[in-house]
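Peer 1: Any chance you could fold what I've pasted below:
(chains A and B)
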2 protein chains.
Amino acid sequence: MCSLPVPRQPLRRVAVTGGTHGNEMSGVYLARHWLQAPGDLQRPSFSATPVLANPAATAACRRYVDRDLNRTFTTTFLTARASPDDPYEVTRARELNQLLGPKASGQAFDFILDLHNTTANMGTCLIADNAHNVFAMHLCHHLQLQKPELSCRVFLYQQPGEESYAIASVAKNGIGLELGPQPQGVLRADLFSRMRALVAACLDFIELFNQGTAFPAFEAEAYSVSGTVDFPRTQDGDLAGTVHPQLQDRDFEPLRPGAPIFQTFGGEDVLYEGESTVFPVFINEAAYYEKGIAFIQTEKLTFSVPALPSLTPAPSPVP
Amino acid sequence: MCSLPVPRQPLRRVAVTGGTHGNEMSGVYLARHWLQAPGDLQRPSFSATPVLANPAATAACRRYVDRDLNRTFTTTFLTARASPDDPYEVTRARELNQLLGPKASGQAFDFILDLHNTTANMGTCLIADNAHNVFAMHLCHHLQLQKPELSCRVFLYQQPGEESYAIASVAKNGIGLELGPQPQGVLRADLFSRMRALVAACLDFIELFNQGTAFPAFEAEAYSVSGTVDFPRTQDGDLAGTVHPQLQDRDFEPLRPGAPIFQTFGGEDVLYEGESTVFPVFINEAAYYEKGIAFIQTEKLTFSVPALPSLTPAPSPVP
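Peer 2: Below is the predicted model:
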């Protein structure tokens, strides 16, 4: 498996973004707290910057105002000529791209850690773009080792050939934290504490790397998107049923051909007709109804991640 | 305890309202289903009318568009002169008052069953206005006896001297069903099935009454509102903490003086300073953040409910 280049310099420009979706409350309130009291975000070699990514959606306690901000960091949106008629989130994506990027440039932030919640029973999920991202894979592995009680799972969202679109893609490196289940608009103390501890562990990893720690190669396991499945619908596009009780809350568990996936309002079971076992995630996520997604299918991958070498001290500048 | 008059005639005009809050999905989809296929709502002596109470909020998957519909059925809103500037829900409340009322008139529907979900861990909760409502108390008792596995609890929302404001108050009689936990915007199959079964049991009770069944006196237990408690807040009104892990999900359990109720973002516990044990409900309900309610305090009451006499056949009209 090919792998992307790893950082050759300490990561000093690090951002922690919350409220990218304005009704996912763990990140909203962590960002707000750290904007007032940033002590948690300080390490010897850097201080992470807290960012409330979508203030208007956060104020309205909605996922977004005009369109999903976390699908808006593409070249098309970021480089088009600005207009007063632009959707709020397109304007905001450009502002964030100025603050944290520009995306794919040398001036971009070194790392973005983006905080999310889901209504699905996802537990502690670490979201990276793909398995080639060696630095992100090592960070995920570090979290798994540091927090074994959380059974952190790694979800790889980027499909082959797909342009990255999420806020973390603006920086040179980044991951998302996705904790659930938590209803939209609700702040649970347990998830708040868990997310805070995970952010601390991420910053600790970056600090270790910055201080010259090397990390050995390892065998990784991750769940990679292979498709999406919509709800059963009427001819008018309304729901005709919902997620089957035997699938509800079973994120990351194997779904075998022939198993029930939906229950129609008429009382019939709809069975999974795929040819092989998949691992559904984001099962019955509130925000995905409008996207036509009842769950996301993943494949479970195992792969080798090469060692993350120690930073070599930069040569002293010639006086 | 005084009691209100019980029906002297069969209840023939019965409505089942869903989507009174547009993001509480069990009722939204039951109402939509019954508008297409009303078979579930038919009984020998009556056919219940399904009503999607707040279509605009339902289409937007929001609790409401301009204001909470289920706080709008008061004399002030229902009788004020209509204006094009009225909030959507004020206009809609007047429409529903025409359809199902007028409130407090002889033409009003005999019964409204109103369907709700909560993000709180309320299990199966039956909401009545007050303990003097003998017919509603007998219906709740019937559900408790018919569905012992659901441990149905009775919540009395009306405080002394307070005008009724909920949609069920438009009819001569009514109750609400409040099932949780379910995130806003999510339809869980288990809660959908449970609500459907409870509606069927409610209609069965009305049918039994209509057919001349008498119901004996009994001792009732219910939870009656005694106050509300807000989250800890900053000087600016933002949250300064959230519900304590030891209180989260403990709806209807005793809360004793000195027990922790909140955890601040600074890590401190806030203790319950009341002088007596209360029973919190609607703990960390998403929709109540904006109302300044972290939970509702109730007192547990036990009281005697008199027998519900059999309907006496009306005298034959003189030819």
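Peer 1: Quick one: the strands in the stretch 101-250 of chain A, in order.
Peer 2: Per DSSP state E, counting those that start in this stretch, the stretch 101-250 of chain A has strands spanning A:111-117, A:123-128, A:153-156, A:174-180, A:218-229, A:241-243. These are given in chain order.
Peer 1: will you turn these into CSV that also has distance to chain B, mean neighbour count and mean pLDDT?
Peer 2: All C-beta atoms are positioned from the backbone trio N, CA, C, and that covers glycine. Putting the strands of the stretch 101-250 of chain A into CSV (distance: least, C-beta to the nearest C-beta, whole Å; neighbours: other C-beta atoms under 10 Å in any protein chain shown; pLDDT from 0 to 100) gives the following:
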stretch, distance to chain B, mean neighbour count, mean pLDDT
strand A:111-117, 10, 27, 98
strand A:123-128, 16, 22, 98
strand A:153-156, 20, 23, 98
strand A:174-180, 10, 24, 98
strand A:218-229, 15, 16, 97
strand A:241-243, 4, 26, 98
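Peer 1: Can I get those strands in CSV including distance to A:Tyr288?
Peer 2: Output for the strands of the stretch 101-250 of chain A, formatted as CSV (distance: least, C-beta to C-beta, whole Å):
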stretch, distance to A:Tyr288
strand A:111-117, 13
strand A:123-128, 15
strand A:153-156, 14
strand A:174-180, 12
strand A:218-229, 8
strand A:241-243, 11
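Peer 1: where does chain A dip in pLDDT?
Peer 2: Within chain A, the stretches with pLDDT under 70 are A:1-2, A:313-319.
Peer 1: Which secondary structure elements does the longest helix along it sit against?
Peer 2: If you go by DSSP state H, chain A has its longest helix at helix A:189-210. Applying 3 or more C-beta pairs under 8 Å, 6 or more residues apart in numbering or on different chains; DSSP states H and E, one finds that helix A:189-210 contacts strand A:14-18, helix A:25-36, strand A:42-43, strand A:46-47, strand A:111-117, helix A:134-146, strand A:174-180, strand B:241-243.
Peer 1: partners of the residue nearest to A:Glu268 when sequence neighbours are not counted in the sheet?
Peer 2: If the residues on either side of it in the chain are set aside, A:Glu268 comes closest to A:Gly241, at 7.8 Å by C-beta to C-beta, 6 or more residues apart in numbering or on different chains. Beta-bridge pairing for A:Gly241 (DSSP bridges): A:Thr264.
Peer 1: how close does A:Gly241 sit to A:Asp269?
Peer 2: Between A:Gly241 and A:Asp269 the distance is 9 Å, computed by C-beta to C-beta, to the nearest Å.
Peer 1: What of A:Pro257?
Peer 2: Per C-beta to C-beta, A:Pro257 is found 14 Å from A:Asp269.
Peer 1: Let me know how buried A:Leu255 is, in neighbour terms.
Peer 2: For A:Leu255, the neighbour count with other C-beta atoms under 10 Å in any protein chain shown is 23.
Peer 1: which residues sit in contact with it?
Peer 2: Contact partners of A:Leu255, counting by C-beta atoms under 8 Å, 6 or more residues apart in numbering or on different chains, are A:Leu247, A:Ile261, A:Tyr272, A:Gly274, A:Thr277, A:Val278, A:Phe279, A:Pro280, A:Gln297.
Peer 1: so what's the residue of the stretch 201-319 of chain A found nearest chain B closest to, chain neighbours aside?
Peer 2: Chain B sits closest to A:Ala286 of the stretch 201-319 of chain A, with a gap of 3.6 Å, by C-beta to the nearest C-beta. Leaving aside its chain neighbours, A:Ala286 sits nearest to B:Gly185 (3.6 Å; criterion: C-beta to C-beta, 6+ apart).
Peer 1: got the domain boundaries for chain A?
Peer 2: Domains of chain A are assigned by automatic domain parsing as A:14-221, A:226-298.
Peer 1: what's the closest non-adjacent residue to the residue nearest the centre of chain A?
Peer 2: Nearest residue to the geometric centre of chain A (C-alpha atoms, centre = their mean): A:Gly176, 2.9 Å. Of all residues not flanking A:Gly176 in the chain, A:Ile127 sits nearest, at 3.7 Å (C-beta to C-beta, 6+ apart).
Peer 1: quick one, what contacts the closest residue to A:Leu156 other than its chain neighbours?
Peer 2: Nearest residue to A:Leu156 in three dimensions, chain neighbours excluded: A:Ser224, at 4.4 Å (C-beta to C-beta, 6+ apart). Counting by C-beta under 8 Å, 6+ apart, A:Ser224 makes contact with A:Asn130, A:Ala131, A:Leu156, A:Thr298, A:Glu299, A:Leu301.
Peer 1: wait, isn't the fifth one in contact with A:Glu221?
Peer 2: Going back to what we said before, that points to A:Glu299. No - using C-beta atoms under 8 Å, A:Glu299 makes no contact with A:Glu221, being 11.2 Å away.
Peer 1: shared neighbours of those two, anything?
Peer 2: Counting by C-beta under 8 Å, 6+ apart, nothing touches both A:Glu299 and A:Glu221.
Peer 1: From the chain's centroid, how far away is whichever strand or helix holds A:Leu96?
Peer 2: Secondary-structure assignment from DSSP states H and E places A:Leu96 in helix A:88-100. Relative to its chain's centre, helix A:88-100 lies at 18 Å (C-alpha atoms, centre = their mean, to the nearest Å).
Peer 1: do the same with stretch A:13-21
Peer 2: Per C-alpha atoms, centre = their mean, the displacement of stretch A:13-21 from the mean C-alpha position of its chain is 11 Å.
Peer 1: do stretch A:296-313 as well
Peer 2: 16 Å.
Peer 1: repeat for stretch A:298-317
Peer 2: On C-alpha atoms, centre = their mean, the centre of stretch A:298-317 falls 20 Å from that of its chain.
Peer 1: In it, which of the residues would be classed as buried?
Peer 2: Neighbour-count burial for stretch A:298-317, with 16 or more other C-beta atoms under 10 Å in any protein chain shown as criterion, is recorded at A:Thr298, A:Val305, A:Leu308, A:Leu311.
Peer 1: Compute the number of surrounding residues for A:Phe205.
Peer 2: Close neighbours of A:Phe205, defined as other C-beta under 10 Å, add up to 21.
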